[in-house]
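[1] what follows is a predicted structure for the sequence shown.
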Amino acid sequence: MAKDIIFSALQPTGDLHVGNYLGAVKNMVELQNSGKYDCFFAVADYHSLTGDMDAKDRREQIIQMSAELLALGIDPEKSTFFIQSEVPEHTELAWIFNCVTPMAELARMTQFKDKSGKQVKNINAGLFDYPVLQAADILLYRAEFVPIGKDQVQHIELTRDIARWFNKKYGNFFVETKAKLTEAPKVMSLLEPTKKMSKSYGDNHVINLADSPGIIEKKLKKAVTDSGKGSAPGAENLMLLLKNFADKETYKEFMEAGKKGQVRYGDLKKAVADGIAMYFEDFREKREHLLIHPEKIREIMGAGAVKARKTAGETMEKVRKMVGVR
């Protein structure tokens, strides 16, 4: 019996941080290892072109992202893992989808407004149109499910709409992909705990998975705990990190201390730092080893692209005939 297909991708735009891990990568690895799904995972380098990164940095980031995902447990023996630009069918299908997608539908996408607000000097057509490429990424592999958080549901709805528009015009072919909602914890910024953890605010707002134990401890010492308005969102964020990365006994001790109003924030920050440093110790070693051998990473990703192109090629052969260019 054929397995359901899952697709997921991450942009190579900097070090992965604990928010990325809990929000996406941890779930990707669990879905892969469950054995229930046929997984396609990609480094979405074409999507990164909508930003301001230069070519040299992008090349380095593509290799680094590949290495980090491999070190975290994405297994090329269990999943099809590849670099998006090495499968040209992605952009070919995106163009075909452009020709069935109303501009008004793209104009209402909330993430375009968010992204354009962060790069007011570079509001390019790709930034407006990238949800169509995202739909092509997913539908190229006829993916039934995409693991996402609630904030990305709008894009999956558009993907479903694009599949319907294509099917109505050219004949029933694409599945209507469903969002596989993940109950991922929302990790907040260390310095502004009312905002989601993001690299865009600066390096001290995030804990990168590759940070050394010393750097992790230094960042957490600066972490905000109390808002000054009678609430402690920063402390809640630290407890969330403790729950996910420290041992159960340590978490239980701090929970009991919290109920009694006896939590010492300095001790909490140290426990979180120790927990995160230990949790990602194996990752840091694997990442370092992989980055010493970038040719090995390219070999792994190249083999993944060959696997991906087999499925992508089969899809596009049928699509070309359906739209009349073959």
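    Good, I have the coordinates. Residues are numbered from 1 along each chain as shown.
[2] got the contact list for the residue lying closest to residue 201 once chain neighbours are set aside?
    Nearest residue to residue 201, sequence neighbours excluded (Cβ to Cβ, 6 or more residues apart in numbering): residue 189, at 5.8 Å. In short, each C-beta sits where N, CA and C put it, glycine included. By Cβ atoms under 8 Å, 6 or more residues apart in numbering, the contact list for residue 189 reads 195-198, 201, 205-206.
[3] pretty sure residue 8 contacts residue 30?
    No: here residue 8 does not reach residue 30: they are 11.8 Å apart, not a contact under Cβ atoms under 8 Å.
[4] and residue 278, how far from residue 95?
    48 Å (Cβ to Cβ, to the nearest Å).
[5] for residue 53, same thing?
    In terms of Cβ to Cβ, residue 53 sits 23 Å off from residue 95.
[6] the more surrounded of these two?
    residue 53 (17 against 11; other Cβ atoms under 10 Å).
[7] what's the first helix or strand after the lowest-mean-pLDDT helix or strand in the chain?
    Within the chain, no helix or strand scores below helix 110-118, which has a mean of 69 by mean pLDDT, DSSP states H and E. Sequence order places helix 125-139 as the next helix or strand after helix 110-118, per DSSP states H and E.
[8] got any ranges where the protein has weak pLDDT?
    Counting by pLDDT under 70, the chain contains low-confidence residues at 113-114, 116-117, 227-231.
[9] if you set the cut-off to 50 instead, what comes out?
    In the predicted model, the chain carries pLDDT under 50 at residues 230.
[10] what segments of it are strands?
    4-10, 37-43, 80-83, 145-148, 178-181 (DSSP state E).
[11] any chance of those in JSON lines, plus distance to residue 211 and mean neighbour count?
    Shown next, in JSON lines, are these (distance: least, Cβ to Cβ, whole Å; neighbours: other Cβ atoms under 10 Å):
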{"stretch": "strand 4-10", "distance to residue 211": "18", "mean neighbour count": "21"}
{"stretch": "strand 37-43", "distance to residue 211": "21", "mean neighbour count": "24"}
{"stretch": "strand 80-83", "distance to residue 211": "24", "mean neighbour count": "25"}
{"stretch": "strand 145-148", "distance to residue 211": "26", "mean neighbour count": "21"}
{"stretch": "strand 178-181", "distance to residue 211": "29", "mean neighbour count": "16"}
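[12] redo the ones you listed as TSV? Include distance to residue 314.
    As requested, those are arranged in TSV below (distance: least, Cβ to Cβ, whole Å):
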stretch	distance to residue 314
strand 4-10	13
strand 37-43	13
strand 80-83	13
strand 145-148	20
strand 178-181	22
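[13] right, and these - which one's nearest residue 66?
    Ranking the strands of the chain by distance to residue 66, with Cβ to Cβ as the measure, places strand 37-43 first at 5.6 Å.
[14] please state the offset of that closest one from the chain centre?
    Centre-to-centre, strand 37-43 and its host chain are 12 Å apart (Cα atoms, centre = their mean, to the nearest Å).
[15] repeat for stretch 55-70
    With Cα atoms, centre = their mean, you get 14 Å for stretch 55-70.
[16] just stretch 262-280 next, same as before
    So, by Cα atoms, centre = their mean, the centroid of stretch 262-280 is 26 Å from its chain's centroid.
[17] who's in contact with it?
    Contacts for stretch 262-280 (Cβ under 8 Å, 6+ apart): 18, 207, 209-210, 212-213, 216-217, 220-221, 223, 225, 235, 238-239, 241-242, 245-247, 250, 254, 257.
[18] how about that stretch: buried residues?
    263, 268-269, 271-277, 279-280 (16 or more other Cβ atoms under 10 Å).
[19] and what of stretch 97-104?
    Buried residues in stretch 97-104 (16+ other Cβ under 10 Å): 97-98, 100-101.
[20] ok, stretch 201-209 next?
    Under 16+ other Cβ under 10 Å, the buried positions of stretch 201-209 are 205-209.
[21] CA atoms only for that stretch, dumped as CSV, please.
    In CSV, the C-alpha atoms belonging to stretch 201-209 read as follows (Å, rounded to 0.1, in the frame of the first residue of the first chain):
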residue,chain,number,x,y,z
TYR,A,201,15.7,41.0,15.4
GLY,A,202,19.4,40.2,15.9
ASP,A,203,21.6,37.4,17.1
ASN,A,204,21.1,38.0,20.8
HIS,A,205,17.4,37.4,20.4
VAL,A,206,17.9,33.8,19.3
ILE,A,207,19.7,30.7,20.5
ASN,A,208,21.3,29.1,17.5
LEU,A,209,21.7,25.3,17.5
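[22] tell me which residues are up against that stretch.
    If you take Cβ under 8 Å, 6+ apart as the criterion, stretch 201-209 is touched by 15-21, 68, 72, 189-192, 195, 197-199, 216, 219-220, 222, 241, 276, 280, 283-284, 287.
[23] could you give the separation of that stretch from the chain centroid?
    Counting by Cα atoms, centre = their mean, stretch 201-209 is centred 16 Å from the centre of its parent chain.
[24] in stretch 282-302, what counts as buried?
    283-284, 286-287, 290-291, 297, 300-301.
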